[in-house]
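Novice: Build me a model:
(3 chains)
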Amino acid sequence: MLYALVAGILFGLYYALISLGLNLSFGVLRMVNLAHGDFVMIGGFTAVVLYSSWHVHPLVSLVLGAAAVFVVGIALYYLLVPRIATTKDPEMISLVLFFGLSQVIEALAVIHFGNNEQSIFDPVFGTQPVSLLGQSLPAVWLVSGLVSLVALALVYLYLYRSRLGYSTRAVMASREEAEVSGINLHRVSAIAFGIGLGLAAAAGALAPFMLGGITPDIGTGLTTTAFAVIVLGSLGNPMGTIAGGLIYGIALMLMQTYLPSWASLLPYVLLLLVLLVRPSGLFGRQVRSA
Amino acid sequence: MRRGVWRDGAILLAVAVVLLLLPKAYSNQMLLFQLMVYLALSQGVNILYGFTGYLPFGYVGFFGIGAYGASLAMLDLHFAPLLGILAGAVVALLLGLLLSPLLRLSGAYFAIASLAASQAVYLVIANPSLQNITYGPYGIQLPNQFNPIASYYTMVVVLLLAVGVVLYIRRSRFGMALQAMRDDPVSAAMSGVPVVRERIAAWLISAALAGVVGGVFAWQTSVFYPDAVFTLSISIFAIVFALFGGVGTLLGPMFGTVVLFGMYNMIGISDPQYFQLIYGLLIVALVIFLPDGVASLLRKKGIHVL
Amino acid sequence: MMRFKRYLWTLASVAALLAMGGGATASAASAPAPKFITIGTLYAGSGNYATSSLPELAGLKFWISQVNAKGGVYVKAYHKKIKIRLVDYNDQSDPNTATTQYAQLITQDKVNILVSDFGSVLTAAAVTVAKEHKMVLFDPTGTGSSFFTPPSPYIVLTSLPTSAVWPDSFAKYLIALGKKRVAIVYATNDFDGAQDATLVAALKAHHITPVYNNGVDTATSNYTVIIHNMAQTHPDAAVEFGYPNNDITFFQNLSASGVHFPFLFTIFPGQQLALLTQNVGAKALSDTFTYPTPPLLAYNKGITYGLSLNAFAKAIKPQIKSAPNFLDIAGYQAGLVIQKTLETSKSLSQLDLRAAAGRIRFFTLDGQYKLAKSGAQLGELLPVAQLQPTKSGGVAPVIVYPQSVATGKAVATH
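Specialist: Residues are numbered from 1 along each chain as shown, chains lettered A, B, ... in the order given. Coordinates of the predicted model:
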């Protein structure tokens, strides 16, 4: 029980990291990026390739991969988003657009990396498990928990302590009002989108240790789980993601302990329950309308 | 109005004739069958999204549970295939009723919640703990009911039904109410349209339709694992096909399905290596250049699309 | 006179028709041999099954290149050698796409021989289509037992027995070792679920109830907590039934968690050792147990048909640029079965082909081939091997059970 709780907290923090970027881009764009998980996959392959070719430490790859994907993300934004923003139903059309993008990324990954599982098995994070609250856990879980906290802190500082972050929050509150008040909507959105994807890639660098072998097709499943996590926390409120991640992580570990065969049902059931009972998320403001 | 009825009848007749004659000219009946499956499913998406603005990403959930409902009725209750398919539709309808609170959500919330619901249904059905009821991960086998020809013609009838329903909705008060709600729910409600009831009606019709299609699919396929009838690609295809052609019309989704499903199979056969890449690029290009579907092109030229 | 003339005309035309008809029947019997024997198959270029499907296709293609280099396969029905032509489509691991493509192979490409894609999920799509068109399905690795019950005249499993009988020897081995506390985790799919059911039933018949027996979703991406919970039951043997990615994840999480099981069994190191070693390292695999399949089970002696393992590994290297794994061999084996079928079948009709495939008895690099009436494979039961460390820092399999095929003794896990 205690083991599941401690493991759940660390695993949940990792899932918060995976999901944080999705929430940031949703908050700003009001579009669900169905290709989000594919950028986690890209981050994973980056770490694997850099390690196997030049023995680059995964934490260095994490920074490099995140930075590279941030730039790509800004380019993608300008290439794709403004074009569909003017359509009749951009929210829905974007789902299809990003699904197509996800297919393209997956196909390119297959062509480039092949279909085989790839991972890093060298004990870059040591061979000894670490002890936390009397529970012995893989060292890498602690590392990923810390990385997640650092990333969350950075996003917090960006949103609440920088000029651009201030504009970002204004856009999240209302795109129309932000635009009227002279905020450069596309610039703010592009940066938020880039950061979102960069965070996904950062999470990906740890994926070879947290999620088993990396294959080109892991993206879709990760996107859905990430969506469940951010809905749990609250959509459009990046800080709620921590809470969503923790609840998901702990619940998953408890399920794996007591009802293993039903554990994979969990994200979906949580998602449905929250949406139906408290659609604003457990920690968010009201956003539902119908 | 009278001319309209004749025209609708002519359309149904044309669809029927084409589908009954096609197997004579083209012998890959399986491909024709799956084409009909997607023709019908894209109309189901059309009924919901085109007329209410709700995009059911988890539409496959109804398809899958219809397939299972029909199969289990045939296997355990020894229903005849047609009766089994009807049972599948009823199960899908019940699932729709159970999930109707999802309609309180809007936009992306609804889309993703319906996706989650379909995956939840899948994981329950495929769970080994329920093996005695659903056969769990071991899948379904219907060797005694297997009848590819009868199931093909049943599918023709189901497709005609789907087309008929869309034709009816387009011209009925119900359809007009739906469209009014989609465009402006508040004023529709104020002008006396029972918004919630009508929306649920559209949702249930589209759920039952997917259930029937799933049942016929199960009959035709007769050996399948749960992931074959719950794979997300079924939802995605139906949605992309409908959007490509243009929702809110009858011919748009049909055109989209014929063109894109045809292309999908042609790419798969001619250039298998870059299959997924080409298809993904095609979808991206479609959304960027034709976000409102092919029908919008014609409409811009002043042509009325049925 | 007029009437007579007309009568004559009629007679003449009837005679001509009869002649033509008779000629047609006569020529059908001695129809000119086709230019090619066309084999149709599918492969998964991406998605879940690509890792296994691509080598299987490579094995089949290798067989084709071998026979075509010798002028083709000897086809008894025509008493001559005919070259093989392959038609292959990419189903991307999607069973519904596969269904239409199988039908495409049969109805449009009019293939003479149909070969299914890797594994049960993609083979299930072919079973119905094959039955509908009365085509024999040559099935290299689709081992779901439902394809063979009720027995079908339209399927030939060419390589492995159905998955439910895989744990036969393994269960006996556990019992022989006197294991009393067995902990099992399996992925909830047909392939792994069937093995769990068989193993548990065999153990229960000897009054051994597993101390842990749970299924988890095949997509499970982390086993850490499950490993912890298994360890809590203090098992004397731990078993993980999964697909390659499950095994990789399990081994990774096991090494990172610091848990040691005194006895550990998994499936895929025995089939895809290179992939597993590349992902989790030899150290994690050493001293664990698995089902050895060729090439780990090296059949070089006593081969009655086709290449020996060594010759195969050498010959296929230029095409696949690495050492072959089990799936390369399974694809090649499907080719061998087709070859022998064509050599012995009296016609190319599907039922004759099926009958000929059923009469084959040979021993290849894949071991003993023997077909049951149901179309399932009876030939080889899977033994148990332990992966023991080698001097070069890798691991190599030592077959430890059953005694009749053992190549060494098990060593205790360090």
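
Novice: Phi, psi for residue C:118 please.
Specialist: Taking degrees, to the nearest 10, you get phi -60, psi 140 for the backbone angles of residue C:118.

Novice: how far away is it from residue C:167?
Specialist: Using C-beta to C-beta, to the nearest Å, one gets 21 Å for the distance from residue C:118 to residue C:167. Heads up, the C-betas are built off the backbone N, CA and C, glycines and all.

Novice: repeat for residue A:85
Specialist: In this structure, residue A:85 and residue C:167 are separated by 57 Å, where distance is defined by C-beta to C-beta.

Novice: ok, those two, which is more surrounded?
Specialist: Shown here are residue A:85 and residue C:167; by other C-beta atoms under 10 Å in any protein chain shown, residue C:167 has more neighbours (28 against 17).

Novice: Is residue C:386 in a helix, a strand, or coil?
Specialist: Taking DSSP: H, G, I helix; E, B strand; the rest coil as the rule, one finds residue C:386 in the strand state.

Novice: Might you report the residue contacts of the residue of the stretch 101-250 of chain A found nearest chain B?
Specialist: With C-beta to the nearest C-beta, the shortest gap between the stretch 101-250 of chain A and chain B falls at residue A:103, namely 3.0 Å. Residue A:103 sits next to B:276-277, B:279-280, B:283 when contact means C-beta atoms under 8 Å, 6 or more residues apart in numbering or on different chains.

Novice: That one sits in which helix or strand?
Specialist: Using DSSP states H and E, residue A:103 sits in helix A:90-113.

Novice: which residues are in contact with the following helix or strand past that helix?
Specialist: The first helix or strand that comes after helix A:90-113 along the chain, using DSSP H and E, is strand A:130-132. Identification of contacts with strand A:130-132 by C-beta under 8 Å, 6+ apart yields A:6, A:10, A:136-139, A:142.

Novice: so where does residue 40 fall, helix or strand?
Specialist: No chain was given, so I picked chain A. Residue A:40 is located in helix A:36-54, with elements delineated by DSSP H and E.

Novice: Oops, wrong one, chain B.
Specialist: Under the assignment here (DSSP H and E), residue B:40 is part of helix B:29-45.

Novice: Show the average pLDDT along whichever strand or helix holds residue C:204.
Specialist: Using DSSP H and E, residue C:204 sits within helix C:190-205. Across helix C:190-205, the average pLDDT comes to 94.

Novice: is that helix anywhere near chain B?
Specialist: Yes. Part of helix C:190-205 sits close enough to chain B to count as contact by C-beta under 8 Å from any C-beta of the partner chain, namely C:190, C:193-194.

Novice: Present the residues you listed as TSV; the columns should include distance to chain A.
Specialist: Putting the residues of helix C:190-205 next to chain B into TSV (distance: C-beta to the nearest C-beta, whole Å) gives the following:
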residue	distance to chain A
C:190	15
C:193	10
C:194	15
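
Novice: in the chain, what secondary structure element scores lowest on mean pLDDT?
Specialist: By default, I'm working from chain A. Among the helical and strand segments of chain A, the one scoring lowest on mean pLDDT, DSSP states H and E is strand A:130-132, with a mean of 81.

Novice: not what I meant, chain C
Specialist: Lowest on mean pLDDT, DSSP H and E among the helices and strands of chain C sits helix C:2-29, with a mean of 47.

Novice: circling back: distance from the chain centre to the helix holding residue B:40, please.
Specialist: Offset of helix B:29-45 from its chain centre (C-alpha atoms, centre = their mean, to the nearest Å): 8 Å.

Novice: Quick check: next helix or strand after it?
Specialist: Scanning forward in sequence from helix B:29-45, with DSSP H and E defining helices and strands, the next element found is helix B:51-52.

Novice: follow-up on the earlier one: tell me the most packed of the contacts of strand A:130-132, by neighbour count.
Specialist: Comparing the contacts of strand A:130-132 by number of neighbours (other C-beta under 10 Å), residue A:138 comes first, having 28 neighbours.

Novice: Just confirm it contacts residue C:257, I think it does.
Specialist: Yes. In this structure residue A:138 lies within contact range of residue C:257 using C-beta atoms under 8 Å: 5.4 Å.

Novice: any residues in contact with both of the two?
Specialist: Counting by C-beta under 8 Å, 6+ apart, the shared contacts of residue A:138 and residue C:257 are A:129, C:224.

Novice: What's the first helix or strand after the helix of greatest length in chain B?
Specialist: When every helix of chain B is counted residue by residue (DSSP state H), the longest turns out to be helix B:195-221. Remark: after helix B:195-221, the chain's next helix or strand is strand B:223-224, criterion DSSP H and E.

Novice: Next, the residues that contact that following strand from outside, please.
Specialist: B:67, B:139-143, B:218, C:95, C:124-125, C:127-128, C:146-147.

Novice: and which of the residues you listed is nearest to residue A:42?
Specialist: Minimum distance to residue A:42 across the contacts of strand B:223-224 is 27.6 Å, recorded for residue C:95 (C-beta to C-beta).

Novice: So what does the residue nearest to the spatial centre of chain C look like in phi/psi?
Specialist: For chain C, the residue lying nearest the average C-alpha position, counting by C-alpha atoms, centre = their mean, turns out to be residue C:141 (2.1 Å). Residue C:141 adopts backbone torsions of phi -140, psi 10, taken as degrees, to the nearest 10.

Novice: Also residue C:371?
Specialist: phi -100, psi 140.

Novice: Then residue B:172?
Specialist: Here residue B:172 shows phi and psi, under degrees, to the nearest 10, equal to phi -90, psi 170.

Novice: Tally up the residues packed near it, please.
Specialist: Residue B:172 sits with 11 neighbouring residues when counted by other C-beta under 10 Å.
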